[in-house]
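Undergrad: sequence and predicted structure below; questions after.
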Number of protein chains: 2
Amino acid sequence: MTEIIEQGQRARQSARKLALLETSQKNDLLATIAAALRANSTAIMTENAKDLAVAAENGVTEPMMARLRLDENAIEIISQGVEQVMKLADPVGEGVNAWTNEAGLKIAEERVPFGVVAIIYESRPNVTVDAAVLCLKAGNATILRGGKEAIHSNRALVKVIQAALRAFGLEEAVQLVQSTERASAKQLMQLNGYVDVLIPRGSAGLIQTVVQEATIPVIETGTGNCHIYVDASADQAQAEAIIINAKVQRPSACNAVETVLVHEAIAATFLPGLLTKLQQKGIEIRGDETVQSLNESIVPATIHDYETEFLDLIIAIKVVDSTATAMNHIERYSTKHSEAILTNSYADAQLFKKGVDAAVVYVNASTRFTDGFEFGFGAEIGISTQKLHARGPMGLTQLTSVKYVVSGDGQIRH
Amino acid sequence: MTEIIEQGQRARQSARKLALLETSQKNDLLATIAAALRANSTAIMTENAKDLAVAAENGVTEPMMARLRLDENAIEIISQGVEQVMKLADPVGEGVNAWTNEAGLKIAEERVPFGVVAIIYESRPNVTVDAAVLCLKAGNATILRGGKEAIHSNRALVKVIQAALRAFGLEEAVQLVQSTERASAKQLMQLNGYVDVLIPRGSAGLIQTVVQEATIPVIETGTGNCHIYVDASADQAQAEAIIINAKVQRPSACNAVETVLVHEAIAATFLPGLLTKLQQKGIEIRGDETVQSLNESIVPATIHDYETEFLDLIIAIKVVDSTATAMNHIERYSTKHSEAILTNSYADAQLFKKGVDAAVVYVNASTRFTDGFEFGFGAEIGISTQKLHARGPMGLTQLTSVKYVVSGDGQIRH
């Protein structure tokens, strides 16, 4: 525990310095980091090879190996990513609101860095650089706690970042928790007084552990049991294209669709073609009785299917009798991430937009757009599925807090 | 546990209905509640008398009795408070941001209710009505968990509110946890899936328990170890008035000053008069060696004093050699609530405003202004001392979340 408290203290000291930097100074930091990553690519690859060797021994699949691998090309892409963050507008110092109160005090609400941001994440080592650099641009120090699978890579990357920061007296603004034992994650989750916010990135299991065990403020991210509801009035060709896009383009993404709800009035005309197209894409379909009656190879959908974020080429399809029934299904099973209605009815669109409780509610578009880059933020630290502080894709702005700066002329309270 | 889960389910059902109400409908709810409180004042006073009797048996002090007492006048003030909330602007539906992304999607960020807000609080029964009504205006259902001391009063008040809400089919939008056992508070703190945010209001001990034990998102409120730093260039008469105001006007408030830091260059001219004035007001002064040397009745200040939110007619005073030293002291001991510099130096004011990490940073004004009403919000559900979601005084706006409403024409992601 002592070591992690010391990391917290050092991060907090660095955060004080970071809060005073101008945008140009923060961009200089980032440019130095990008150059250092390129200059030290060989050392990074050497350490990465150790993680890859362990992964190979453990029989890890090639997609997982690809996520872990840092070759020249991957390091170049990471470095370019750092340079992209340099180009983003600095949210710190932005005025959110300003007014004069009855006593004549000038009250200004301004964006400020959080201070110290902790990130607990799994497997991909590029997150190490990505998270550290986004936090630095927003004026935050970071305490990173990556997974065991990438520990050599993460140590190498943080070593390079810290060396780059040393020239600015900010070596301790990016800290890596050295232990990958479970206890170290728990200590970080309970580092009250040193960490202002903890953002978990990874599996549903990781996020649930954080929610249950953390005593510091958390932004819950990620889990997306997303629905698309096809209303009776929907453009059917458009609906088919949207559903296929939302399921197939990247099934492992949290914004991929998992359950499709179809109005009964169009079940007979719309579903047969959709089912065939989905099957041609290699998708396993789990359907209710109506859906099963339309195609003999449909597996029956269970409540468990409706509850599941498949993250795979599997989809559940259910027929409903109205927009209200679709909304009830969504209310029951949704993780409040991304929910879509496909309709040409103004009234149904209005009802769905107002009544569905989710970070992002779509009319006539694919749920796959729930993403910091697609939203135009130029970055993404995660997708919040809670309602506190940030909801949906989080960019640089969501990595800041605010403070009120009050300018007076000697006012006292009466 | 079953009972509280059922309360969570009922609150969530009501929250769905509340989210669809127009502002005028919510104001009708509140008008009905205000009328019902007045119409049922006798029943409320009868139940309140039971709490007062227990308090009297327990030898509770008169100030505490006054906080607990609900007489005709107190009920009238509470009812007027409800009518004040009717007049406040409804934050729900307010556009926060809107733009079109590269794919041509119209993205609108809008304020929405949280859904279900839980409040855990102590002693004063007026909080029961105040919190419920502010949450209702922002479209939220509430689960209230008050203290044992006011349980009969709280039950009576919630019964009246629920009867008023029944006419709108929203009886379950305000729920009171019936048990005042410790276990019931803990169950509420861990009601994930039903409660969107928990706001504790009360003693530092209560808030710490919530921070440690809650698994649902929390907004930490209240603790204020506030400082005023008097720079060498300060207007000394103004500084004296501000310090006395910040300490004396309401010592039990979280925004009262606890430690005063004085630049050494003015210690000899400024402090003797200040010390005398403070002593005339009956304030116990705990000072460092310089302060002690100026007045023989000064108690030595310890580190414990610097750490303490006295909430009483006690003040710590310390001499420092610069604004930077004052800021270091504040960084070490502050609870990041309200911090003030009194100065006529532009450079020192700028340094303090940028470098001090607190919800509210003042130049030349009393810390006592950190308050939802003084800020002009027309309401206050609490003062956030964390950096997530809301910082400083929280009004109706801070009782809302946001959602993104995305309108497309069939867009899919490429």
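TA: In hand now; what should we look at?
Undergrad: name the SS class of A:P200, please.
TA: Classification of A:P200 using DSSP: H, G, I helix; E, B strand; the rest coil returns strand.
Undergrad: partner residues bridging it?
TA: A:I120 (DSSP bridges).
Undergrad: give me the number of residues near A:V60?
TA: For A:V60, the count of nearby residues is 16 (other Cβ atoms under 10 Å in any protein chain shown). For every residue, glycine as well, the C-beta is placed using N, CA and C.
Undergrad: hang on, it in a helix?
TA: No: counting by three-state DSSP, one finds A:V60 to be coil, located in no helix.
Undergrad: what count of nearby residues applies to the nearest residue to A:Q9 once chain neighbours are set aside?
TA: Beyond its immediate neighbours in the sequence, the residue positioned closest to A:Q9 (Cβ to Cβ, 6 or more residues apart in numbering or on different chains) is A:Y194, lying 6.6 Å away. A:Y194: 22 surrounding residues under other Cβ under 10 Å.
Undergrad: A:Y194 and A:C135, how far apart?
TA: Separation of A:Y194 from A:C135 (Cβ to Cβ, to the nearest Å) stands at 15 Å.
Undergrad: with A:A234 instead?
TA: 42 Å.
Undergrad: may I ask which helix or strand of chain A has the lowest mean pLDDT?
TA: Here the helix or strand of chain A ranked lowest by mean pLDDT, DSSP states H and E is helix A:62-68, holding a mean of 89.
Undergrad: can you list the buried residues in that helix?
TA: A:R67, A:L68 (16 or more other Cβ atoms under 10 Å in any protein chain shown).
Undergrad: so which elements touch that helix?
TA: helix A:41-57 (3 or more Cβ pairs under 8 Å, 6 or more residues apart in numbering or on different chains; DSSP states H and E).
Undergrad: contacts for the helix it packs on next, please.
TA: Outside helix A:41-57, the residues that touch it by Cβ atoms under 8 Å, 6 or more residues apart in numbering or on different chains are A:37, A:64-65, A:68-72, A:75, A:125, A:149-153, A:155-157, A:160.
Undergrad: what do you get for stretch A:279-290?
TA: In this structure, residues lying in contact with stretch A:279-290 by Cβ under 8 Å, 6+ apart are A:244, A:247-248, A:264, A:267, A:271, A:275, A:278, A:291, A:294-295, A:297-302, A:305, A:313-319.
Undergrad: buried subset of those?
TA: A:244, A:247-248, A:267, A:271, A:275, A:278, A:291, A:294-295, A:298, A:301, A:305, A:314-319.
Undergrad: among those, which are in helices?
TA: Mapping those onto helices (DSSP state H) picks out A:I244, A:K247, A:V248, A:A267, A:L271, A:L275, A:L278, A:V291, A:L294, A:D305.
Undergrad: circling back to that earlier point, who has more neighbours, A:A234 and A:C135?
TA: A:C135 (28 against 25).
Undergrad: host element of that one?
TA: Secondary structure from DSSP states H and E places A:C135 in helix A:126-137.
Undergrad: the helix or strand just after that helix pairs with which strands?
TA: Downstream of helix A:126-137, the next assigned helix or strand under DSSP H and E is strand A:141-145. As defined by DSSP bridges, the strand partners of strand A:141-145 come to strand A:116-121 (parallel), strand A:174-176 (parallel).
Undergrad: of the ones you listed, flag the one that's most buried.
TA: strand A:116-121 (a mean of 27; mean count of other Cβ atoms under 10 Å in any protein chain shown).
Undergrad: show me which residues of the lengthiest strand in chain A are buried.
TA: Longest strand in chain A, counting residues (DSSP state E): strand A:400-411. The neighbour-count check on strand A:400-411 (16+ other Cβ under 10 Å) flags A:T400, A:S401, A:V402, A:K403, A:Y404, A:V405, A:V406, A:S407, A:G408, A:G410, A:Q411 as buried.
Undergrad: in space, what's closest to the fifth one - neighbours in sequence excluded?
TA: Counting by Cβ to Cβ, 6+ apart, A:Y404 lies nearest to B:V360, which is 4.4 Å off, once chain neighbours are set aside.
Undergrad: so the one you found sits right up against A:S407, yeah?
TA: No: contact criterion Cβ atoms under 8 Å: B:V360 and A:S407 do not qualify, at 11.5 Å.
Undergrad: A helix includes A:I207, no?
TA: Yes: applying three-state DSSP, one finds A:I207 inside a helix.
Undergrad: surely it and A:A214 touch.
TA: No: using Cβ under 8 Å, A:I207 is not in contact with A:A214; the gap is 10.4 Å.
Undergrad: of those two, who's got more company?
TA: Neighbours per residue, other Cβ under 10 Å: of A:I207 and A:A214, the larger number sits with A:A214, 24 against 21.
Undergrad: do you know how far that one is from chain B?
TA: 8 Å (Cβ to the nearest Cβ, to the nearest Å).
Undergrad: return the residues in contact with that residue.
TA: A:M189, A:Q190, A:L198.
Undergrad: residue contacts, the last one?
TA: This points to A:L198. Counting by Cβ under 8 Å, 6+ apart, A:L198 has contacts A:V117, A:A118, A:I119, A:I120, A:L188, A:M189, A:V210, A:A214, A:I216, A:P217, A:V218, A:I219.
Undergrad: closest one of those residues to chain B?
TA: Distance to chain B across the contacts of A:L198 (Cβ to the nearest Cβ) is lowest for A:P217, with 4.3 Å.
Undergrad: quick one: contacts for the closest one?
TA: Per Cβ under 8 Å, 6+ apart, neighbours of A:P217: A:D196, A:V197, A:L198, B:P217, B:V218, B:E220, B:Q386, B:K387, B:L388.
Undergrad: once you drop chain neighbours, what's closest to the fourth one?
TA: Right, B:P217. A:L388 (4.3 Å).
Undergrad: can you tell me the SS state at the one you found?
TA: coil.
Undergrad: any weak-confidence spans in chain A?
TA: A:1 (pLDDT under 70).
Undergrad: any idea how it splits into domains?
TA: Here the domain assignment for chain A is A:2-220+A:388-407, A:226-369, based on automatic domain parsing.
Undergrad: thinking again about what came up before, what about the residue nearest to A:Y404, neighbour count?
TA: There are 29 residues near B:V360, going by other Cβ under 10 Å.
Undergrad: circling back to that earlier point, may I have the helix holding A:C135 as CSV, with CA atoms only?
TA: Output of helix A:126-137 as CSV, limited to C-alpha atoms (Å, rounded to 0.1, in the frame of the first residue of the first chain):
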residue,chain,number,x,y,z
ASN,A,126,-1.7,1.4,-26.9
VAL,A,127,-4.2,2.5,-24.2
THR,A,128,-1.2,3.3,-22.0
VAL,A,129,0.0,6.1,-24.3
ASP,A,130,-3.5,7.1,-25.4
ALA,A,131,-4.9,7.6,-21.9
ALA,A,132,-1.7,9.3,-20.5
VAL,A,133,-1.6,11.8,-23.4
LEU,A,134,-5.3,12.7,-23.3
CYS,A,135,-5.1,13.2,-19.6
LEU,A,136,-1.9,15.4,-20.0
LYS,A,137,-3.6,17.6,-22.6
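Undergrad: which of the residues in it are buried?
TA: A:N126, A:V127, A:T128, A:V129, A:D130, A:A131, A:A132, A:V133, A:L134, A:C135, A:L136, A:K137.
Undergrad: for the first one, what are its contacts?
TA: The contact partners of A:N126, taken as Cβ under 8 Å, 6+ apart, are A:L70, A:A74, A:I77, A:I78, A:G81.
Undergrad: now, these that are in helices?
TA: Using DSSP H, the contacts of A:N126 in helices are A:A74, A:I77, A:I78, A:G81.
Undergrad: ok, now how distant is the closest residue to A:R145 other than its chain neighbours from chain B?
TA: Distances taken as Cβ to Cβ, 6+ apart place A:V177 nearest to A:R145, at 4.1 Å, with adjacent residues excluded. Distance, A:V177 to chain B, by Cβ to the nearest Cβ: 21 Å.
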